[in-house]
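**Student:** mind looking at a prediction? Sequence and model below.
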Amino acid sequence: MFADKPVLVGSRVTLRPVGPEHAEGLFELVSDAEVRRLTGSHGEIDLEASRRWCATRADHDDRLDLAIMAGDAYVGEVVLNEYDPANLSCNLRIALLGSRVFGRGYGTEAIELVLDHAFTTTPLHRVSLEVHAFNERARHVYKKIGFVEEGVLRDALRWDGEWHDSVVMSVLRREWRARSGSLQ
C-alpha cells in the first residue's frame, strides 16, 4: 500500500520519508516531556533505538512515516499506520517537536498534505486517530481539517496518577473530497 515513499511539499513544511538523518530529531521529540504527555507516551527510547527505528522505516510497505521539515529543520513526524486492507482504512498519528514549534501551522499543513496524498493516490476510504480529551489544541486542528468525533474511550490514559479519556476521530474519502473540492 505505502511502497511509494513520497516527498510532499507545502508552503510551510516539506514531508520527507523518515531515514537515518532524522534520528536525532526523533530522539529529541520523544524525549520532550510535553510531547510525551500530549501523546500519552510512557515508553522511553535512547538515541541508538531512534537510529535503528529511523533506518528501517523505508522497509515497511504497510505504513508511511514522514519527517516534517521546516526548511532544513526537523520539526516532527506524521505517520499513516495500522493499515487495514480489508476495510481500506488506517490510523494517523502526528507529533511535533515541542512548544517551540507549536502554533506555526506545521501540524495542520502536514496532516493536510498526507491526507491529500492518501485520498488521491491510494484506495483508502477512512483515516482515523485518537486524541486525548485534554489536548484541546489538537482536537481543534483535527476538526478544522475535517475529522469528525466518533466516540470516547473512557479512562484510556493514566498520566501522573489521573485517568483521561481519548476521543476517536476520523475522516472519510468522500468528506475529504468534498472539503478539498477534489474531483477524484
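**Tutor:** Thanks, I have the structure now.

**Student:** on the three-state scheme, the closest residue to Asp155 other than its chain neighbours is what?
**Tutor:** Among residues not flanking Asp155 along the chain, Trp163 sits closest, at 4.0 Å (CB to CB, 6 or more residues apart in numbering). C-beta coordinates here come from the backbone N, C-alpha and C atoms, glycine included. Three-state call for Trp163 (DSSP: H, G, I helix; E, B strand; the rest coil): strand.

**Student:** and the one 4 residues further on, by the same measure?
**Tutor:** The three-state label given to Val167 by three-state DSSP is strand.

**Student:** quick one, strands of this structure?
**Tutor:** For the chain, applying DSSP state E gives strands covering 8-9, 14-17, 64-70, 73-84, 89-96, 126-132, 148-159, 162-172.

**Student:** adding mean neighbour count as columns, could you present those strands in CSV?
**Tutor:** As requested, those are exported to CSV (neighbours: other CB atoms under 10 Å):
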stretch, mean neighbour count
strand 8-9, 15
strand 14-17, 20
strand 64-70, 25
strand 73-84, 19
strand 89-96, 20
strand 126-132, 20
strand 148-159, 13
strand 162-172, 17
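
**Student:** columns mean pLDDT and distance to Met1 on top of these, output as JSON lines?
**Tutor:** Compiled in JSON lines, the strands of the chain are given as follows (pLDDT from 0 to 100; distance: least, CB to CB, whole Å):
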{"stretch": "strand 8-9", "mean pLDDT": "98", "distance to Met1": "16"}
{"stretch": "strand 14-17", "mean pLDDT": "98", "distance to Met1": "15"}
{"stretch": "strand 64-70", "mean pLDDT": "98", "distance to Met1": "8"}
{"stretch": "strand 73-84", "mean pLDDT": "97", "distance to Met1": "5"}
{"stretch": "strand 89-96", "mean pLDDT": "97", "distance to Met1": "8"}
{"stretch": "strand 126-132", "mean pLDDT": "98", "distance to Met1": "13"}
{"stretch": "strand 148-159", "mean pLDDT": "97", "distance to Met1": "23"}
{"stretch": "strand 162-172", "mean pLDDT": "97", "distance to Met1": "17"}
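
**Student:** include distance to Phe119 when you put those strands into JSON lines, please.
**Tutor:** Below are the strands of the chain laid out as JSON lines (distance: least, CB to CB, whole Å):
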{"stretch": "strand 8-9", "distance to Phe119": "13"}
{"stretch": "strand 14-17", "distance to Phe119": "15"}
{"stretch": "strand 64-70", "distance to Phe119": "13"}
{"stretch": "strand 73-84", "distance to Phe119": "11"}
{"stretch": "strand 89-96", "distance to Phe119": "11"}
{"stretch": "strand 126-132", "distance to Phe119": "8"}
{"stretch": "strand 148-159", "distance to Phe119": "15"}
{"stretch": "strand 162-172", "distance to Phe119": "8"}
